[in-house]
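1. Could you work out the structure for the sequence below:
(2 chains)
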Amino acid sequence: MGMTSAQKRGFGATLWDWLTTVDHKKIGILYMAGGGFFFLMGGLEAVIIRIQLMSPENNFISAGLYNEMITMHGTTMIFLAAMPILLGLMNFIMPLQIGARDVAFPFLNSLGFWLFLFGGVLLNLSWFTGAPDAGWTNYAPLSIQSPGHGIDFYIMGLQLSGAGTLMGGINFIVTIVLMRAPGMTYMRMPLFTWTTFVASILILFAFPALTVGLFLMMFDRMFGSAFFDAALGGNAVIWQHLFWIFGHPEVYILILPVFGVFSEVFPTFAKKRLFGYTAMVFATFLIAFLGFMVWAHHMFTVGLGPVANSIFAVATMAIAVPTGIKIFNWLFTLWGGSIKINSAMLWALAFIPSFTIGGMTGVMLASAVADYQYHDTYFVIGHFHYVIVGGTVFGILSGLHYWWPKMFGKYLHEGLGQLSFWTFFVGFHLTFFIQHFLGLMGMPRRYWVFLENQGLDTGNLISSIGAFFMSFGVIVFLINIILTTIKGKKAPRDAWGSGRTLEWSISSPPVHYNYKQLPLVRGLDPLWIEKMEGNKNMTPAEPVDEIHMPNGSILPLIITIGMTIASYGFIYQTGNKLWLIAVYSGMAIALISMLTRSLKDDHGHHIPKEELERIGD
Amino acid sequence: MSHDHSIDPKNMPKDPSKATTEGKHKFMGLWIFLGGETVLFACLFGTYLALRNSNAGGPTTQELYGLGLVFLMTVLLLTSSLTSVYAIYHMKNNDFKKMQLWMGITALLGIGFLACEIYEFAHYIHGYGFTFRSSAFGSAFYALVGFHGGHVAFGLSWIITLMVRNAKRGLDLYNAPKFNTFALYWHFIDVVWVFIFTVVYLMGMVS
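-> You can find the predicted model right below:
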């Protein structure tokens, strides 16, 4: 099977295969494609924002549209671009790294993807009738007062995609705990698997807070409850707490997986084992733990009082310690290594100084007293784009270049890769470095215009020019993908020649059951160990025998369609009760599909031994 | 490798619900899920604690709550947790009929609990005009207790579906994990109620 035979089939059969797939590799690709599409949407919104702010008192878009633009840019990039692309990488790579044939719950994996995709599409459909406009943080009471249905789309869209993400998190945890190959002890797991594990724990404990927040917001806006209504005793700060109890771990959900990516890329291209593996694992857990203790640093100016502010300030600064441990470990990994520079490595190398700048401004912001000056200025915008673009986006691009040959069997073009790196890298610093100073000079965030001759003109122009450089880099990357897909250089199993982990021991792209025989893991960097002992490949841990695999199913898609119809109904039933028909019929579709899944036995299927021996591996 | 999932009584595994890979996955998956559920309820508890005195001139917690009904509800739900333990005990001994019997009793007790809760809500709404919309306290009360009630309702439809679906074919390695995960979920619902009983009703009576 695999992708080659899928191409030989008709279009209809191929489409059906992708709609019903429960293969973690295909779902990973779907996640990345969906996330990539939303990344382009969010990027377009960013460019529109920067055109509006290119000159003082610009009239490119109206104030109302500008509010929608910033809200959708932030929401799209966080929930629909960065996180899904990371979930895609985790989905594709993590089971390969632990020597598994699929994830623990393949059906749930598919359901999670479709929920993300339809949640994202639902949110973006709001563009036709009025998008959400209360900022990506959607603070009450602004969001309660916002007219139209924009905020309702935000609520239902994020509720759907959030449910999908939670399913993904649970799935990854169970997969890593229960499905590791023989010999793959916890402390032999690759760092990317570790960070997938820890990020999944963060998803598990962070997303329910968002779920509750969105429910309360939904009840207030659609059913007349009074959680955030001060007139009836409600309290708008509850939203802020719930949002940031989710929202701060969320930024670690975005950064920890790419820490894992860098911890794979550096050893591979420095031909050295990762420096301080144990410390790296420990630091990952410490960051995750502290990540739950710091949410109120987003709320220093709310008035929680000096004691609360001090505690959260100190906890926040403490995160710099494990993060610093990681930065130094990467540097020591490079130290004395036989370094090979290519696109994957360039993104990783550029990450270190860029992210460190973001971390440093983070410590500045952590100081509660100083934060009264920085709060809601472009200093904050500069800070979090340095960590999210300089960290997460650089990491995603590094990981894509690194694993592309494994995922698609072809290398990305090196020259185009470097061109997109340099333009994006220069554009990134051009756009965001100057924003720190704009912020310090008092430019507030979320304003659609600034006045002339206040010292903000040049800085904003430079920032906007940088955005065009970044766009150019993204376009070159897209061209790279298209050209490579048409005629890319074929990749062998150990695509970089210096692969250390299990995924490089199987064909590129892997067969749909990944491993004909599960590998025997004899230590950290198992493939490297075998190569150093003169073995061509992994030693199998089992004889060739039939393999049990899950069946594909269309039900996850149908459940999701039902829930999307119901969500649409919820949004519009406030105006016209006839929309309740959509609510009930959507719910009915979803529930009947779930019941079908529950009542109909699905034992999966077996790939016979003879077929495995015929195919080879 | 055998493809036959039914249990041979003479050669029964120790715990049919965890004898298969899938059973192990499901059991752990549900445990992890309950970790997320804990946060969900923690957030609702936090919201309730912040808003429980914001009654906007409506009835206070002391005026509303009566411990008699709540005591009955607590007895019903706690007992149902015990009966589900009996059911799982019989499942592990491959006694399908007794498992169905105890699961049935569990479901009946759950239905009794839910009936009391519906009566309680109706009483508040009609007797005191205390609704989801009347104050922030009202919103927070019905959200927290209602979410729990919704979980009970979901658990009931889950176990009834399982019992009906498997009534004729008995226990096998494929459906044993399903009963087991239900029991685990049901215990969680029970634990949440213990907290609601304490934080909402007991603390509401004294403060």
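2. Relative to B:Tyr142, how far out is the closest residue to chain A within chain B?
-> Closest residue of chain B to chain A, C-beta to the nearest C-beta: B:Ser54 (2.7 Å). From N, CA and C alone the C-beta is placed, and that goes for glycine too. For B:Ser54, the distance to B:Tyr142 equals 14 Å [C-beta to C-beta, to the nearest Å].
3. same check, this time on B:Gly35
-> 25 Å.
4. Comparing those two, which residue is more hemmed in?
-> For B:Gly35 and B:Tyr142, the more surrounded residue by other C-beta atoms under 10 Å in any protein chain shown is B:Tyr142, and the numbers stand at 22 against 14.
5. Now that one: which helix or strand?
-> helix B:136-166 (DSSP states H and E).
6. Following the chain onward from that helix, which element is next?
-> From helix B:136-166 onward toward the C-terminus, using DSSP H and E, the following helix or strand is helix B:176-196.
7. residues contacting whichever residue of the stretch 501-617 of chain A sits closest to chain B?
-> Closest to chain B within the stretch 501-617 of chain A is A:Leu599: 5.5 Å, counting by C-beta to the nearest C-beta. Residues counted as contacts of A:Leu599 (C-beta atoms under 8 Å, 6 or more residues apart in numbering or on different chains) are B:161, B:165.
8. so what secondary structure elements neighbour the helix holding B:Tyr142?
-> helix A:191-223, helix A:580-599, helix B:21-51, helix B:96-128, helix B:176-196 (3 or more C-beta pairs under 8 Å, 6 or more residues apart in numbering or on different chains; DSSP states H and E).
9. Let's have these in CSV, adding distance to A:Glu546 and mean pLDDT.
-> Output for these, formatted as CSV (distance: least, C-beta to C-beta, whole Å; pLDDT from 0 to 100):
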stretch, distance to A:Glu546, mean pLDDT
helix A:191-223, 27, 98
helix A:580-599, 25, 96
helix B:21-51, 14, 97
helix B:96-128, 30, 97
helix B:176-196, 22, 97
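10. Go through these and pick out the most buried.
-> Comparing the helices and strands packed on helix B:136-166 by mean neighbour count (mean count of other C-beta atoms under 10 Å in any protein chain shown), helix A:191-223 comes out on top with a mean of 24.
11. Which residues of chain B lie near chain A?
-> B:1, B:3, B:5, B:21, B:24-25, B:28-29, B:32-33, B:35-37, B:39-40, B:43-44, B:46-47, B:50-51, B:54-56, B:132-140, B:143, B:161, B:165, B:174 (C-beta under 8 Å from any C-beta of the partner chain).
12. for stretch A:513-532, which positions count as buried?
-> A:513-521, A:524-531 (16 or more other C-beta atoms under 10 Å in any protein chain shown).
13. nope, stretch B:75-92 is what I meant
-> In stretch B:75-92, counting by 16+ other C-beta under 10 Å, buried: B:76-77, B:79-81, B:83-84, B:86-88, B:90-92.
14. so what's B:Trp102 up against?
-> Counting by C-beta under 8 Å, 6+ apart, B:Trp102 has contacts B:83-84, B:86-87, B:90.
15. how about TSV for the residues you listed, with pLDDT and secondary structure added?
-> TSV is the format used below for these (pLDDT from 0 to 100; DSSP: H, G, I helix; E, B strand; the rest coil):
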residue	pLDDT	secondary structure
B:Thr83	98	helix
B:Ser84	97	helix
B:Tyr86	97	helix
B:Ala87	97	helix
B:His90	94	helix
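16. I'd like those residues laid out as a markdown table, including distance to A:Ser310.
-> Putting the contacts of B:Trp102 into a markdown table (distance: C-beta to C-beta, whole Å) gives the following:
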| residue | distance to A:Ser310 |
| --- | --- |
| B:Thr83 | 51 |
| B:Ser84 | 47 |
| B:Tyr86 | 53 |
| B:Ala87 | 52 |
| B:His90 | 56 |
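17. ok, those vs A:Gly36, which is closest?
-> A:Gly36 lies nearest to B:Ser84 out of the contacts of B:Trp102, by C-beta to C-beta, at 46.4 Å.
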